[in-house]
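Asker: dropping a prediction and its sequence here:
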Protein chains: 4
Amino acid sequence: MHDDIKFAAILSFMGQTRDRFQVWGPPYTLQEKVQRAAQVENLAAVEVVYPQEFADVKITKKLLDDAELLCSTVNVNIKGDPMFHMGGLTHPDAAVRAQAVAYLKEGMDISVEMGCNMVTCCPLGDGHDYSFQMDYIQAWGWFIEGIREAAKHRDDVQLSLEYKANETRSRIIMGSATAALHVCDQVGLENVGVTIDIGHALYAPETPSLSIAQLHHAGRLFLFHINDNYRNWDWDLVPGSVNWWDWIETMLYIEKVGYDGWVVSDVMPGRLDAIQVLNAVGRSITRAKNLLSKVDHNDLWAAIRSNDAMAAYDLFYKELGLD
Amino acid sequence: MHDDIKFAAILSFMGQTRDRFQVWGPPYTLQEKVQRAAQVENLAAVEVVYPQEFADVKITKKLLDDAELLCSTVNVNIKGDPMFHMGGLTHPDAAVRAQAVAYLKEGMDISVEMGCNMVTCCPLGDGHDYSFQMDYIQAWGWFIEGIREAAKHRDDVQLSLEYKANETRSRIIMGSATAALHVCDQVGLENVGVTIDIGHALYAPETPSLSIAQLHHAGRLFLFHINDNYRNWDWDLVPGSVNWWDWIETMLYIEKVGYDGWVVSDVMPGRLDAIQVLNAVGRSITRAKNLLSKVDHNDLWAAIRSNDAMAAYDLFYKELGLD
Amino acid sequence: MHDDIKFAAILSFMGQTRDRFQVWGPPYTLQEKVQRAAQVENLAAVEVVYPQEFADVKITKKLLDDAELLCSTVNVNIKGDPMFHMGGLTHPDAAVRAQAVAYLKEGMDISVEMGCNMVTCCPLGDGHDYSFQMDYIQAWGWFIEGIREAAKHRDDVQLSLEYKANETRSRIIMGSATAALHVCDQVGLENVGVTIDIGHALYAPETPSLSIAQLHHAGRLFLFHINDNYRNWDWDLVPGSVNWWDWIETMLYIEKVGYDGWVVSDVMPGRLDAIQVLNAVGRSITRAKNLLSKVDHNDLWAAIRSNDAMAAYDLFYKELGLD
Amino acid sequence: MHDDIKFAAILSFMGQTRDRFQVWGPPYTLQEKVQRAAQVENLAAVEVVYPQEFADVKITKKLLDDAELLCSTVNVNIKGDPMFHMGGLTHPDAAVRAQAVAYLKEGMDISVEMGCNMVTCCPLGDGHDYSFQMDYIQAWGWFIEGIREAAKHRDDVQLSLEYKANETRSRIIMGSATAALHVCDQVGLENVGVTIDIGHALYAPETPSLSIAQLHHAGRLFLFHINDNYRNWDWDLVPGSVNWWDWIETMLYIEKVGYDGWVVSDVMPGRLDAIQVLNAVGRSITRAKNLLSKVDHNDLWAAIRSNDAMAAYDLFYKELGLD
């Protein structure tokens, strides 16, 4: 794997996964999940979910240390607990909202213990399924206030917001890259930024590279989750397996904007073997990097800046040996 | 029509329309379009396109005066002219970008002459069709700069940005309500705001009422375009003809946030009779308002704020006489 | 509830449900699920899943009898068992394919015991997630053969095929109403027909009433599942809660084609109270029927047949008291 | 270009094109369109629209002969004429329906004169925009009858049905590959088959290769239109420019099923240079074929048939030199 890539993966996808109709794999323990992650080639870190995977922070840290894995990020889960089923930061009950904020703060503290100083949070429960099910004005205010209060907790930790259009709610209130950016604008604190998940971008529907450009322009590109899908749902497939050109372009912009953080796999192996799938994710990164390293970037950007997509594709194809 | 509704329509839809494969109706003159608009019941104003419908501002104004129609807004078209085919505010040629800004400024001046002091602009050409066809970093910077420069031209005119996910480009760079809000945040001027088109919201994909809440929260809700679609494309159908509950909810929030501007039909009659369709748009507004006036709003908001959508629907159904 | 409506519900939705990230409710026993179903107003039957809810057919039958519920249909599950994770009728291993067919036959036999003589099957596992993951030619042949073999098992039971575009596979090979119809055409047996699920139709993307018309035209409309969504995913919401006019039109066509089978709720209560949600489903049926009973059907069909949608809407609005 | 590829293009895209908001290029004459087509590398034929491009069949034939271009297909347009704005084969007026059938018959006769003996027809007007705008039962019957009547006109001409989910109507009644197949099943004539347009398949939403397999299985794959899009609309982009892997898979299946007909570009150049874009289409075909010729097909099909997509991708990547 290229030296400038810091490859990580969401730890929970090394365990049992499920959807509405099926359960895949046995109920792996935390230790087993870590050991499985350790078998993935070139994987240097894992993103760990709070509170589910931090019953005891010291134990989690020890497991990672023993496996020679870093903690890339603490992923704060404010939707899974039944308390949060009707929302976390936007729940009508102030006590629940306070709990969601508390989770964020606790996750921030733990991220310092884990040495990464970054939490990411995808507020999947903060939305609605039906019309007339949420006072959007109230909810939007609460959401921004909650993020602000959590971010103020300590400025040595980055709080990275992961947007998503829907799932598990039919509509999530922070649904796009610019929704997250506007939250940052409203919160007005330097340690709040955005996690871009390629798949979430694709079905936002966004052009992932454009979203990266927008986040970079505002100085808010904090974290990068990778996967792929069919632009209709968060299928969490291997990056580049569907939208190959978007994947190449995305990696081009990741380089261009000088992103030097973790490249975190958010691929769900589902019915396939998790370790094999994660290895395929790693290969997909390497392949994109290899292609980008072959083309002349002066020629490439000249084509792009003159809106000549056909010329740009030709530059890539020349290196693929298909002409 | 209810007293608090100021009903307007986009003038160009009273003329000949077309899509990729068909042309509907004869090539109506400007005068004929105005006269047809004047036949729509309760229509008080029209949104007029610059430059196409302002070959001579005085003539356009005279035609409207004669028809006793106001000008609700000047719609600045920075995509139709062949010069803009590869972009307006984001065109790689600085001269074209300057021309797009000039159009906005000229539209602003004309809006003062027309007595509305508001322009709206949907930058449909500022996007891309292929990967590698646009330097998004450069383009996004140019876009924000262009809007800022235009807005600074005069602070007595509101510059309202109409977002859209795609069409005519496969992707437009200002694709969502929050993209437009973030542009406002970046520009930092009070006279820049957002036009929400229900149809554009629906297939963004947004919950229109949530977008209204977000725009209102930021003080940027400038203009309201109405229509409907199947959440996959900007079909520009009669509001409420597909997404009835969204339409009711949207009108509820329009009231709630105290919007007192124009309610502009952005419905494309296409193969139907334009005047009959516009009358149907008017009836749809009235019907939504009538329903909202029947329900007890204390009960309604109590249901909404306790996340009890089923109770809210029941309140409406009780008034519809269907139980 | 109207006399001509036979209201049923999928039993499993009265139990614990889950999605990728959450689990809702406790793990209700079969008995508890039946008892909960029995509390739903006007519910006359349940659709029961084979094999999961038929560990002992006699016990299941007894539970239903005791609760005075009929069995509307046996829903044969050929995707949930780990054996079927890479496909049921299209699995590359002939033994697995044989097992899927065996399940269908066993379900058919049980449906006779349960007195409904109908199975429905939605082959959610028969599809693919990635390109190059399935030999479509082979798979399509196997699928048709499997259905034929099962249907031949006995001609006194109706085998009803429920199509779906995706979930749990990114693509399911029988993805539309006409895909199911073409399977029927290929199989060539009278006892094979189609289950239309409104939600599956909406995001196929189909016009549900058109699909009903197509199924009716071919004499293959066997079963009717009801719910609603945002045309992007199978959200399984209360029918009419999003696409109100589609719901009214659907019930109009259900009447028109003389469908006299079960109207089966396929609504997932998720985070809400299942019994309350199911009662709302029942009310939604009643409300649609009430509206349809108010309009003059001669006028309505005259409007429809002259392509005058606006006139048709007006007929409905007149009855809603909103003009 | 590979010997087994017969490259054609829709002639009208060599002329002026437009969408709802723009017009691209001057109004090229028929002669100019043919001459432009003749400049496209490796292009051997054009698909010509009846009646618009056949004002005089002899002249059209002469123009093609002079340019050394064959006529691949006659594309019968039963939506563009104002008469067809509310439908062609499903129009409520029997005289209009008869005219649509007459067009098909005339197109068939002309196709014999042109030496291709094949017409293709995409009935874009046969659908609806609103609920209650079409009697689907009546319409579906008329549609099938109309196709049958046209097909019976002469059995030496293939009548190929091109399905599409929407555009220009919000919903078209023959919206998917299997909808077209079911029409074939109902019509029951050997000379009726299906045109698959990759883009229409992608946003149906189908897996194009699966649709090809289904059409092949039924012996109904008549014609192949190529392009690409973002799975949300018929953007008519260069094939492989978005969905690269689908494009490779599609060409794999085209080979596999032994398709030996025309490969017709249905790419809309829009704001780009038509000849350059068509040349890019040609290169895209060659590149896909080149890649397919490099991999070991025994290995490839072994991977596919064992559902091992990762292994299949690896086979391709090995040839791309990116590992």
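Answerer: Nice, I can see it. Numbering: from 1, shown residues only, chains lettered A, B, ... in the order given.
Asker: and the residue nearest to residue A:236 when sequence neighbours are not counted, what element?
Answerer: Nearest non-adjacent residue to residue A:236, counting by C-beta to C-beta, 6 or more residues apart in numbering or on different chains: residue A:268, 3.8 Å away. Every C-beta, even on glycine, is put in place using the N, C-alpha and C of the backbone. Counting by DSSP states H and E, no helix or strand carries residue A:268.
Asker: can you read off the pLDDT for residue A:1?
Answerer: Residue A:1 is assigned 89 on the pLDDT scale.
Asker: quick one: end-to-end distance for stretch A:75-84.
Answerer: With C-alpha to C-alpha, to the nearest Å applied, stretch A:75-84 spans 16 Å between its terminal residues.
Asker: same question for stretch A:168-185.
Answerer: End-to-end span of stretch A:168-185 (C-alpha to C-alpha): 26 Å.
Asker: and the stretch 51-200 of chain A, which residues reach chain B?
Answerer: A:86-87, A:92, A:128-141, A:144, A:165-166, A:171, A:173, A:175-176, A:178-179, A:181-182, A:185-186 (C-beta under 8 Å from any C-beta of the partner chain).
Asker: give me the mean pLDDT for stretch A:94-101.
Answerer: pLDDT averaged over stretch A:94-101 gives 98.
Asker: look up how far residue A:206 lies from the nearest residue to residue A:20 once chain neighbours are set aside.
Answerer: Excluding the flanking residues, the one nearest residue A:20 by C-beta to C-beta, 6+ apart is residue C:19, at 5.3 Å. From residue C:19 over to residue A:206 the distance is 23 Å, taken as C-beta to C-beta, to the nearest Å.
Asker: more neighbours: which of those two?
Answerer: Using other C-beta atoms under 10 Å in any protein chain shown as the criterion, residue C:19 and residue A:206 rank with residue A:206 on top: 27 against 16.
Asker: tell me who's in contact with the more buried one.
Answerer: A:176-177, B:171, B:175 (C-beta atoms under 8 Å, 6 or more residues apart in numbering or on different chains).
Asker: tell me the secondary structure for it?
Answerer: coil (DSSP: H, G, I helix; E, B strand; the rest coil).
Asker: next one: residue A:224
Answerer: Put simply, residue A:224 is strand when judged by three-state DSSP.
Asker: and the pLDDT at it?
Answerer: 98.
Asker: wait, isn't it in contact with residue A:260?
Answerer: No - in terms of C-beta atoms under 8 Å, residue A:224 does not count as a neighbour of residue A:260; the distance is 10.3 Å.
Asker: between the two, who's got more neighbours?
Answerer: Set side by side, residue A:224 and residue A:260 show more neighbours around residue A:224, with 24 against 9, by other C-beta under 10 Å.
Asker: so what sits opposite the more buried one in the bridge?
Answerer: Here residue A:224 sits in beta bridges with residue A:196, residue A:263, as judged by DSSP bridges.
Asker: give the contact list for it.
Answerer: By C-beta under 8 Å, 6+ apart, residue A:224 lies in contact with A:195-196, A:254, A:259, A:261-264.
Asker: from residue B:36, how far out is it?
Answerer: Taken as C-beta to C-beta, the span from residue A:224 to residue B:36 is 53 Å.
Asker: show me what contacts the residue nearest the centre of chain A?
Answerer: By C-alpha atoms, centre = their mean, chain A has its centre lying nearest to residue A:225, at 3.5 Å. Residue A:225 makes contacts with A:10, A:162, A:195-200, A:264-266, as judged by C-beta under 8 Å, 6+ apart.
Asker: one more time with 10 Å, if that's ok
Answerer: A:8-10, A:47, A:73, A:75, A:120, A:122, A:162, A:195-201, A:236, A:239, A:262-267 (C-beta atoms under 10 Å, 6 or more residues apart in numbering or on different chains).
Asker: of those, which belong to strands?
Answerer: A:8-10, A:47, A:73, A:75, A:120, A:162, A:195-197, A:262-265 (DSSP state E).
Asker: report the closest residue of the stretch 51-200 of chain A relative to chain C.
Answerer: Closest contact between the stretch 51-200 of chain A and chain C, by C-beta to the nearest C-beta, is at residue A:85 (4.3 Å).
Asker: could you find the closest non-adjacent residue to that residue?
Answerer: residue C:271 (4.3 Å).
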